[in-house]
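Asker: Model the structure of this input:
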Amino acid sequence: MNTKIIDKLTPVTLVGGGAVGDGDLQAALALAPTCVAADSGADTVLAAGIELSAVIGDMDSISAEARSRLPVDIQHKIPEQMSTDFDKALRYIAAPLVIAVGFCGLRIDHQLAALHTLVMRPDVTCLMLGAEDIIFLCPRQFDLPMAAGTRVSLFPMGPVKGQSTGLEWPIDGLAFAPDGVSGTSNQATGDVRIEVDQPAMLCILPRRFMAAVAESLAALPASARWPARAAPRRDPPQS
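Answerer: This is a model prediction of the structure:
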């Protein structure tokens, strides 16, 4: 049984060890006030003078100074090495939305691993913040207020089909796949509705829509959310 470390009825900000731009933490915390770090993300949070509710990870990259400054009871070590710290953190957080900061940029392999985690943890609704974009896994269906001409990119991480309204090039009838059709640089004609049949489609939008998308994702009913994937047994956290 997976007992959650963080269990909230309001959105949570999760901070990783990647690039964090000026204002990123403040923008995320304004929408998701509980702050959690994935391993070395704790150093970033402490440097910003922000209170941490938990640190989750294998603790192989957090600094010794950060560990000494943080209460022992909020440090949760998960020693297995078969998953990333982003994955470890997401599986121990229960919240209507997680806003992930510090998981884009710096290293391409880390960013690809973060996108993989979004797909592998479909039951955790997560909005990833980048320098120019926001990225999230499409729920079963969602509506977004959009201005005509807004870039809407859809990238499949597996076979997936769907339907849409409000897109210049509708996705109805298309069989998306990583080695087939993708939906890069579509654009809105107005308000957008997208429905997909599998938890495998990433949506990439301009960062200025962060607040509107966060509100929409946090308010999703259970019927629009994905269940958890079957997963291998993992080591429990160690405080």
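Asker: going forward, measure contacts and count neighbours with C-alpha atoms only.
Answerer: Fine.
Asker: got a list of what the closest residue in space to residue 225 that isn't next to it in sequence touches?
Answerer: Spatial nearest neighbour of residue 225, excluding adjacent residues (C-alpha to C-alpha, 6 or more residues apart in numbering): residue 139 at 5.5 Å. Listed by C-alpha atoms under 8 Å, 6 or more residues apart in numbering, the contact set of residue 139 reads 195, 196, 199, 224, 225, 226.
Asker: mind checking the SS state of residue 139?
Answerer: coil (DSSP: H, G, I helix; E, B strand; the rest coil).
Asker: ok, so what distance separates it from residue 155?
Answerer: Shown here: residue 139 relative to residue 155, a distance of 14 Å by C-alpha to C-alpha, to the nearest Å.
Asker: do residue 98 as well
Answerer: Note on residue 98: its distance to residue 155, by C-alpha to C-alpha, is 20 Å.
Asker: Give me the more crowded residue out of these two.
Answerer: Higher neighbour count among residue 98 and residue 155: residue 98, with 28 against 21, using other C-alpha atoms under 10 Å.
Asker: wait, isn't the more buried one in contact with residue 124?
Answerer: Yes. Under the criterion of C-alpha atoms under 8 Å, residue 98 makes contact with residue 124 at 7.4 Å.
Asker: Now residue 74: closest residue in space, sequence neighbours ignored.
Answerer: residue 54 is the one closest to residue 74 (C-alpha to C-alpha, 6+ apart), at 4.6 Å.
Asker: Give me the phi and psi for the one you found.
Answerer: Backbone torsions of residue 54, given as degrees, to the nearest 10, read phi -170, psi 150.
Asker: got a list of what it touches?
Answerer: 5, 6, 35, 36, 37, 74, 75, 76.
Asker: pull the CA atoms of stretch 26-38 into PDB?
Answerer: What follows is stretch 26-38 as a C-alpha-only set of coordinates in PDB (Å, rounded to 0.1, in the frame of the first residue of the first chain):
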ATOM      1  CA  GLN A  26       6.700  32.600  -7.000                       C
ATOM      2  CA  ALA A  27       4.400  32.000 -10.000                       C
ATOM      3  CA  ALA A  28       3.900  28.300  -9.000                       C
ATOM      4  CA  LEU A  29       3.400  29.000  -5.300                       C
ATOM      5  CA  ALA A  30       0.800  31.600  -6.000                       C
ATOM      6  CA  LEU A  31      -1.300  28.800  -7.500                       C
ATOM      7  CA  ALA A  32       0.000  25.900  -5.400                       C
ATOM      8  CA  PRO A  33       1.100  27.100  -2.000                       C
ATOM      9  CA  THR A  34       2.400  23.800  -0.500                       C
ATOM     10  CA  CYS A  35       6.000  23.400  -1.500                       C
ATOM     11  CA  VAL A  36       7.700  20.000  -1.800                       C
ATOM     12  CA  ALA A  37      11.200  19.300  -3.200                       C
ATOM     13  CA  ALA A  38      12.500  16.300  -5.200                       C
END
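Asker: Many thanks, have a good one.
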